[in-house]
Every structure is written in C-alpha cells, then in structure tokens.
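Asks: Got a predicted structure here, sequence first:
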Amino acid sequence: MPQQIFKMTDKGIYIPGADIYIDPWKPVKRSIITHAHSDHAHTGNENYLSHHITKPILKYRLGENINCTSVEYGEAFFINGIKFSLHPAGHIPGSAQIRIEENGNVLVVSGDYKLENDFVSGIFEPVKCNTFISESTFGLPVFKWKNQTEILEEINIWWKNNIDQNKTSVLCGYALGKAQRLLKNIDTGIGKIFAHGAVFNMNEILRNAGVEIPSAEKISSELNKEDYKNALILAPPSVIGNRWLNKFNPYSIGYCSGWMQIRGNKRRQAVDRGFVVSDHADWDQLNKAIKLTGAETIYITHGFTSSYVKWLNENGFDAHELETEFAGEAITDDEEKENISV
Ligand SMILES: [Zn+2]
Ligand SMILES: [Zn+2]
C-alpha cells in the first residue's frame with residue numbers, strides 16, 4: 001500500500017510533504033481553498049491559494065490584504081516536488097477539486113461538488129485517482145434532484161402566478177453561487193429582476209472575474225412599491241422572517257435549497273414555496289462521481305458520513321469516515337450547514 005499523501009489534523013486536511021492544508025478551519029501558514037463558502041474559507045491564514053475566480057471573493061470576504069495566489073483549472077504547480085492542480089467541481093463559480101500527486105500516487109480532495117451543469121460554475125471533471133476524499137452533504141438515497149430545466153420551469157411558473165395575483169416574488173438562495181445560478185437560468189423575459197445588496201455585490205465581483213450573469217438592479221431606498229410590482233427579488237435566506245420584506249408587500253416568498261426535499265423542514269414552514277435546488281451532489285451523483293474516479297480508497301466527509309461509509313463498504317468499496325471538526329459558530333452561506341438533522 002502506498003504511503004498516505006494526507007493526514008487529518010485538528011486544523012483540517014494536511015499534506016505533510018508540501019506543508020500545506022486544504023480548507024483549514026484554524027489559521028495556518030499555507031492553505032489551498034476549494035471555494036469561497038465560509039465553511040471552507042476561514043480567516044487568518046498567512047497564504048491562500050485558489051482558483052482565479054475564488055481569489056477576489058476571498059479578498060472581499062476575508063480582507064483585501066490577504067496573501068492570495070491563484071491558478072487556472074488544470075494548471076500544474078509544484079510544492080516541494082509534489083504536483084498539484086485544480087479541477088472544476090461544478091459547485092459554485094471558482095469551486096475546485098484539488099489533485100495531489102506524490103511519487104505516482106494520486107489523491108483528489110473533492111471539496112463541495114455537483115455533476116449537473118448549471119452554466120455558471122464550470123462542469124465537474126472526473127479526475128482519476130488512488131484516493132478520493134468526497135463530501136456527502138446529501139448522502140442519503142432520499143435526496144434525488146430533478147434536472148435544472150424542470151425546477152427552473154417551476155420557478156418561472158410560480159413567478160408568473162404571483163404576477164397574476166399582483167404579488168412581488170421574493171426568491172431566496174445563498175448569495176454566493178445559488179443566486180447567480182438562479183439569475184443565469186431564470187426566464188428574464190417574465191419581468192424585472194432586482195437583487196438584495198449581498199447578492200448584488202457578489203454578482204459584481206463574479207462579473208468582474210469573468211462569470212457571465214444577467215444584470216439585476218440593486219434594491220434601494222429610492223425605489224418604491226410600484227417599481228417592484230411584478231418583479232422578482234433575489235435575496236439571501238437571512239431575509240426570511242425579516243422586516244426587510246415589508247417593502248414588497250404583498251409578496252410571495254420562495255426558497256431554494258436541497259433541504260426543501262425534506263417535508264416539515266423548518267425553513268420550508270417559514271416560506272410560501274420551497275424549491276429543491278441544490279449545488280451539492282445528490283445520492284446518485286455522489287455514487288457516480290466516486291465510481292468515475294476509479295479510486296481504490298474513499299474517504300467521506302461533511303454530512304451523512306457514517307451511513308454512507310457503511311453503504312459504500314457493503315457495495316464493494318474501501319471506504320472510511322474522515323473525522324472533521326468545524327469552527328462551530330461560523331455562519332455559512334452554504335446549504336450544507338443549514339439543517340444537519342433530517
Ligand atoms: Zn460550498
Ligand atoms: Zn461546504
């Protein structure tokens with residue numbers, strides 16, 4: 001058995017041969033960041049390395065002064081003779097799987113990923129490896145996504161119905177990734193689209209980084225109810241139950257998350273309509289992705305790790321649970337942390 005490329009530490013996944021961590025949750029000297037969601041990109045590292053698109057988001061969220069190097073997908077670089085490259089993960093714009101090769105032995109750390117093309121996040125690339133570390137946010141057979149076209153059509157119809165009832169449509173999804181995916185794929189011919197400040201700022205950063213997304217006007221105090229009539233408002237989930245919504249009265253509020261698949265979900269009860277739109281792999285996608293890597297050894301992290309590891313081992317894989325420890329109170333805009341218990 002070849003020597004293990006990585007080591008699990010109390011700071012996160014560590015590559016001893018290169019003295020570098022992947023998505024560490026405590027400050028370290030050198031880090032590679034799979035993507036800019038706050039449960040993966042923590043503050044306080046001396047050095048960051050990410051994809052080109054992730055870099056400006058890291059600077060926006062963690063501070064202009066952070067020391068950040070960025071690379072393109074597929075661009076190889078060496079640290080202490082160990083070969084690294086980033087590959088599309090299809091999760092959000094700039095999201096990357098990390099490929100690490102040491103003495104012919106290949107490790108891939110998936111980060112968060114999904115297999116469906118959402119037209120803003122790049123297309124997930126299966127990368128052959130000996131060892132694959134996979135997330136399992138939605139690693140239960142109950143999670144099965146409809147295709148994007150179908151769900152977007154449901155959203156378009158909901159918007160049109162709201163117009164018929166003279167209601168403004170408020171559509172919620174996290175500000176980094178989900179909002180741009182919705183904006184890119186929604187029928188912009190139905191009416192005007194506005195963006196909450198958090199979504200608007202992220203749109204600008206991503207557009208400047210080369211991600212093509214339609215424009216959406218920023219919500220402002222200068223605009224009044226009449227301006228929002230028949231419009232669709234893209235907002236982060238934090239507005240649910242907030243007074244901020246009052247200015248759109250009468251409105252209908254929709255929420256997009258993989259957790260909407262679960263009946264009785266707390267968030268679902270607080271909104272008029274739940275749409276099952278996830279930027280993570282569902283059960284079938286997880287299994288497909290793992291198979292495509294051809295990996296001999298699988299490590300599972302994030303989500304339903306123990307039951308998924310058990311299932312993989314019963315189905316002919318050599319799978320192990322990877323113990324992770326999150327910085328508890330860190331707020332996140334990633335749907336994986338919204339609803340841990342099902
Ligand atoms: Zn994420
Ligand atoms: Zn995540």
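Replies: Received it, and whenever you're ready, just let me know what you need. Ligands and ions are numbered 1, 2, ... in the order given.

Asks: who touches K178 in this structure?
Replies: Shown in contact with K178 (Cβ atoms under 8 Å, 6 or more residues apart in numbering): 92, 256-257, 277, 279, 335. (C-beta placed from N, C-alpha, C; glycine too.)

Asks: Repeat the analysis, applying 7 Å as the threshold.
Replies: By Cβ atoms under 7 Å, 6 or more residues apart in numbering, the contact set of K178 is 256, 277, 279.

Asks: The closest residue to P27 other than its chain neighbours in helix, strand or coil?
Replies: Nearest in space to P27, with sequence neighbours left out and distances taken as Cβ to Cβ, 6 or more residues apart in numbering, is G44 at 3.3 Å. Here G44 is coil, with the state taken from DSSP: H, G, I helix; E, B strand; the rest coil.

Asks: Distance-wise, check G44 relative to S70.
Replies: Distance check for G44 against S70: by Cβ to Cβ, to the nearest Å, it reads 19 Å.

Asks: burial count for S307?
Replies: Look at S307: counted by other Cβ atoms under 10 Å, it has 14 neighbours.

Asks: May I ask which helix or strand encompasses it?
Replies: helix 305-314 (DSSP states H and E).

Asks: Extract the C-alpha trace of that helix and format it as PDB.
Replies: Below are the C-alpha coordinates for helix 305-314, written out as PDB (Å, rounded to 0.1, in the frame of the first residue of the first chain):
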ATOM      1  CA  THR A 305     -20.700  10.200   6.700                       C
ATOM      2  CA  SER A 306     -21.200   7.000   8.800                       C
ATOM      3  CA  SER A 307     -24.300   5.700   7.000                       C
ATOM      4  CA  TYR A 308     -22.700   6.500   3.600                       C
ATOM      5  CA  VAL A 309     -19.400   4.800   4.500                       C
ATOM      6  CA  LYS A 310     -21.300   1.700   5.600                       C
ATOM      7  CA  TRP A 311     -23.200   1.600   2.300                       C
ATOM      8  CA  LEU A 312     -20.100   2.000   0.300                       C
ATOM      9  CA  ASN A 313     -18.300  -0.800   2.100                       C
ATOM     10  CA  GLU A 314     -21.300  -3.100   1.600                       C
END
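
Asks: Can you give me the pLDDT of the residue of the chain positioned farthest from its centre?
Replies: Ranked by distance from the centre of the chain (Cα atoms, centre = their mean), the top residue is E226, with 34.4 Å. Predicted confidence (pLDDT) for E226: 85.

Asks: do the same with N339
Replies: 45.

Asks: Distance of the residue farthest from the centre of the chain relative to ligand 1?
Replies: Separation of E226 from ligand 1 (Cβ to the ion, to the nearest Å) stands at 37 Å.

Asks: For I79, give the beta-bridge partners.
Replies: For I79, the beta-bridge partners under DSSP bridges are I82.

Asks: Check the burial of it by counting its neighbours.
Replies: Neighbours of I79 under the rule other Cβ under 10 Å: 16.

Asks: which other residues reach stretch 15-27?
Replies: Stretch 15-27 is contacted by residues 5-7, 11-14, 28, 30-34, 40, 42, 44-45, 79-80, 82, 98, 100, 102, 109, 111, 326-327 when judged by Cβ under 7 Å, 6+ apart.

Asks: starting at the chain centroid, how far to it?
Replies: 21 Å (Cα atoms, centre = their mean, to the nearest Å).

Asks: Just the buried residues of that stretch, please?
Replies: Judged by neighbour count using 16 or more other Cβ atoms under 10 Å, the buried positions of stretch 15-27 are 15, 17-18, 20-25.
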